[in-house]
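Asks: the sequence and its predicted three-dimensional model are supplied below.
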Amino acid sequence: MPKPLRRYIPALAAALPLIFFCTPLWAGGSDAALSKKTRQTSNFLSERGRPLFLQYCAHCHGNNGEGDGFNAEFLDKEPAELSDRDFLGKKTNNQIYRIIYKGGAGVKKSHLMPVFGATLSEEEIWSLVAYARKLSGDTDHPVQVPEGAGRERPRGPAVSQEELAQFSSAAGEATPETLAFGEKLFRKKKSCLACHALEEEGGHVGPDLTRAGALYPAKWLYAWIAGPQVFSPDTKMPNLKLEREEARALVHFLRSRAGGERPMEWKQYLTARGDPERGRKLFFDPEGKAYCSKCHRMEEKGGRVGPDLSWIGSKRTREFLLESLLDPKAVITSGYSTVMILTHDRKFITGVKKSEDDSSLTLVDKEGREQTISKDLIKKFKTQKISTMPANFGDLLDVQEVADLLAYLQTRVHPLFAEPAKP
Ligand code: HEC
Ligand code: HEC
Ligand code: HEC
């Protein structure tokens, strides 16, 4: 596929999962009421597989399984063309199940195909097998869920508070061997590079991790990598089934990549002592200079133009929080890109895309106003390299006010990250 055409696909692919809310079978929900027989027919199964495919597979394999997802051009190995009947026809249902369940590395194929057996239920994986058969137009291999296949999503052992506390005290001890092990896992064994960029290499499904060491605290990296679903049940990042040793090595490797110089002026903000109470007031005050809650949810209130910041204090380093405030476009949070639409009657509309279905797109602008645009009216659609978050807080707020906001943000931590209660 020519490159310019590919450029349009990311945004569309990212939004497609939302379509599934419209498919009656899925939205019907209470499938406990359905007879076992209905649940097992190929058609029903592939209906269930479709939204899963759009959520977890389409970025590499393409919306129709043609191997042309927006992320495919960044991979050294082409994602299989699942729409190719001859290719898929040679495989048994069990073989297809196994590669989805175990990942490429688990069946001696490319490590760039991630493992999904620690994220999706067995029944969901069978529904993906059925959907792949459907994409290839194959009716000769009807798919049935085997007797006893699990219907619950697996839940790995969650990282405990004690384990996290211990991890932070051991984080400084990276040896050259651990770093090399972490790098090998990232690049060659565990699919990370398939979705994340490091410098010029790697995929773009998740954030660029070139500067990961400066952006994420070690404890957060450890907890997230070990089980992203604990914090974000519907994230596109699968649980990669890591041993604790492996998660630790990956954290060391990522923390070693701090990248680049920071502007000199930042130092005054980073060293100033802030008052979280004053910061909180600035955050929520509609009359104040900041009024962050206009766009962000926190303590269960506030707008939804930007990401929920409830646990931001555990997820981001102080330096990254400062950067988000002074230079928001430097890192755009996944799912919050600003898009620009040009309509056939020459109107420009910009905002953060909230949802999309077959016929329309909904954007929210920086005032929180939603606007739904029919796809027939769209002439051009572009993802922009700017943030919808205002870029002038550095001018509006003085050093003390910024430090107050940082102090407040840093108090907002996930319960797992709270210090264990002292007896
Ligand atoms: C990050 C990119 C990526 C994602 C996400 C991904 N795949 Fe793949 N997939 C690949 C690559 C690359 C291959 C080729 C592996 C090889 O031939 O060594 C592949 C191969 C396959 C194959 C063919 C295996 C074979 O026997 O040759 C199937 C089936 C498959 N993927 C299904 C899925 C499903 C279903 C999902 C979503 C649950 C998914 N993939 C998600 C990259 C991806
Ligand atoms: C199939 C694609 C995929 C694979 C494979 C993958 N990730 Fe991710 N990752 C994502 C996405 C998407 C996000 C953004 C998550 C979100 O906000 O839901 C993410 C987020 C992250 C983050 C940032 C978390 C944050 O707080 O924003 C880190 C760090 C990370 N991944 C590390 C890894 C590592 C290490 C591996 C390999 C063990 C890996 N990822 C494999 C897709 C992937
Ligand atoms: C007009 C809406 C708007 C206002 C007002 C706003 N933000 Fe944002 N903010 C956003 C959007 C949209 C994003 C996501 C895009 C990006 O990363 O730049 C974001 C991103 C962020 C992030 C990064 C989150 C992450 O997951 O890494 C932080 C931190 C943040 N904002 C803090 C603040 C603070 C503090 C204020 C008040 C001083 C504020 N924002 C005011 C819209 C806003």
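Replies: Now that the structure is in, tell me what you want to look at. None of the values given here were measured: they were computed from a predicted structure. Ligands and ions are numbered 1, 2, ... in the order given.
Asks: ligand 2 contacts on the protein?
Replies: For the chain, the residues in contact with ligand 2 (Cβ under 6 Å from any ligand atom) are 114, 186, 190-192, 194-196, 205-207, 209, 212, 216, 221, 224-225, 232, 235-238, 240, 250, 315, 334. In this view, the C-beta of every residue, glycine as well, is placed from N, C-alpha and C.
Asks: filter these down to the buried ones.
Replies: 114, 186, 190-192, 194-196, 205-207, 209, 212, 216, 221, 224-225, 235-238, 240, 250, 315 (16 or more other Cβ atoms under 10 Å).
Asks: quick check: residues of the stretch 251-400 of the chain near ligand 3?
Replies: Taking Cβ under 6 Å from any ligand atom, the part of the stretch 251-400 of the chain that reaches ligand 3 is made up of 290, 292, 294-296, 305-307, 309, 312, 316, 321, 324-325, 328, 332-333, 336, 352, 366, 387-390, 393.
Asks: where does the residue of the stretch 301-423 of the chain found nearest ligand 3 land on pLDDT?
Replies: Per Cβ to the nearest ligand atom, Gly306 is where the stretch 301-423 of the chain lies closest to ligand 3, at 2.7 Å. For Gly306, the pLDDT comes out at 95.
Asks: distance check, it against Ser121.
Replies: Taking Cβ to Cβ, to the nearest Å as the measure, Gly306 falls 32 Å from Ser121.
Asks: okay, these two: which has more neighbours?
Replies: Gly306 (22 against 15; other Cβ atoms under 10 Å).
Asks: quick revisit: going through the residues of the stretch 251-400 of the chain next to ligand 3, which ones are buried?
Replies: Buried among those (16+ other Cβ under 10 Å): 290, 292, 294-296, 305-307, 309, 312, 316, 321, 324-325, 328, 332, 352, 366, 387-389, 393.
Asks: in the biggest strand by length in the chain, what's buried?
Replies: Using DSSP state E to define each element, the chain has its longest strand at strand 348-356. By neighbour count with 16+ other Cβ under 10 Å, strand 348-356 contains the buried residues 349, 351-356.
Asks: repeat for stretch 270-289
Replies: 272, 274, 276, 278-280, 282-284.
Asks: circling back to that earlier point, show me the buried ones among the residues of the stretch 251-400 of the chain next to ligand 3 that map onto helices.
Replies: Judged by DSSP state H, helices contain the following of these: 312, 321, 324-325, 393.
Asks: how about these in CSV, adding distance to Ser256 and pLDDT?
Replies: CSV is the format used below for these (distance: Cβ to Cβ, whole Å; pLDDT from 0 to 100):
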residue, distance to Ser256, pLDDT
Ile312, 24, 97
Leu321, 21, 97
Ser324, 23, 95
Leu325, 26, 96
Phe393, 31, 95
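Asks: farthest pair in the residues you listed?
Replies: Pairwise distances across these (Cβ to Cβ) peak at 15.4 Å, for the pair Ile312 and Phe393.
Asks: which ones are touching the nearest residue to Cys195 once chain neighbours are set aside?
Replies: Excluding the flanking residues, the one nearest Cys195 by Cβ to Cβ, 6 or more residues apart in numbering is Val205, at 3.8 Å. When contacts are counted by Cβ atoms under 8 Å, 6 or more residues apart in numbering, Val205 touches 59-60, 71, 194-196, 236-237.
Asks: closest to Leu52 out of these?
Replies: Lys236 (11.2 Å).
Asks: what's the burial count for the residue in the stretch 201-350 of the chain positioned nearest to ligand 1?
Replies: Going by Cβ to the nearest ligand atom, ligand 1 is nearest to Gly203 of the stretch 201-350 of the chain, at 6.0 Å. For Gly203, the neighbour count with other Cβ under 10 Å is 23.
Asks: between the buried residues of strand 348-356, which is nearest ligand 1?
Replies: Glu356 (19.6 Å).
Asks: list the helices and strands the longest strand of the chain packs on?
Replies: When contacts are defined as 3 or more Cβ pairs under 8 Å, 6 or more residues apart in numbering; DSSP states H and E, strand 348-356 packs onto helix 3-15, strand 338-343, strand 360-364, strand 370-374.
Asks: so what's Gly351 closest to, chain neighbours aside?
Replies: Nearest non-adjacent residue to Gly351 (Cβ to Cβ, 6+ apart): Leu363, at 3.5 Å.
Asks: was I right about that neighbour contacting Ile341?
Replies: Yes - Leu363 lies in contact with Ile341 (Cβ atoms under 8 Å); the separation is 7.3 Å.
Asks: who touches Asp365 in this structure?
Replies: Asp365 makes contact with 305, 350-351, 371, 388 under the criterion Cβ under 8 Å, 6+ apart.
Asks: give me the pLDDT for it.
Replies: For Asp365, pLDDT reads 90.
Asks: got it, and Ala11?
Replies: 45.
Asks: and the angle from the longest strand of the chain to strand 360-364?
Replies: If you take axes from the mean of the first three to the mean of the last three Cα atoms, to 10 degrees, strand 348-356 sits at 110 degrees to strand 360-364.
Asks: convert the C-alpha atoms of strand 348-356 to PDB, please.
Replies: Only the C-alpha atoms of strand 348-356 are listed here, as PDB (Å, rounded to 0.1, in the frame of the first residue of the first chain):
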ATOM      1  CA  PHE A 348     -12.200  23.400   9.600                       C
ATOM      2  CA  ILE A 349     -13.100  21.500  12.800                       C
ATOM      3  CA  THR A 350     -10.500  20.500  15.400                       C
ATOM      4  CA  GLY A 351     -10.700  18.600  18.700                       C
ATOM      5  CA  VAL A 352     -10.000  15.300  20.400                       C
ATOM      6  CA  LYS A 353     -11.800  12.400  18.800                       C
ATOM      7  CA  LYS A 354     -14.100  10.700  21.200                       C
ATOM      8  CA  SER A 355     -15.900   8.100  19.100                       C
ATOM      9  CA  GLU A 356     -16.600   6.900  15.600                       C
END
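Asks: how far does it sit from the chain's center?
Replies: 19 Å (Cα atoms, centre = their mean, to the nearest Å).
Asks: partner strands of it, with direction?
Replies: Within its sheet, and counting by DSSP bridges, strand 348-356 is paired with strand 338-343 (antiparallel), strand 360-364 (antiparallel).
Asks: mind listing what's buried along the shortest one?
Replies: By neighbour count, with 16+ other Cβ under 10 Å as the criterion, the buried positions of strand 360-364 are 361-364.
Asks: what does stretch 294-302 rub up against?
Replies: Outside of stretch 294-302, the residues within contact range by Cβ under 8 Å, 6+ apart are 283-284, 286, 292-293, 303-310, 366, 368, 388-389, 412.
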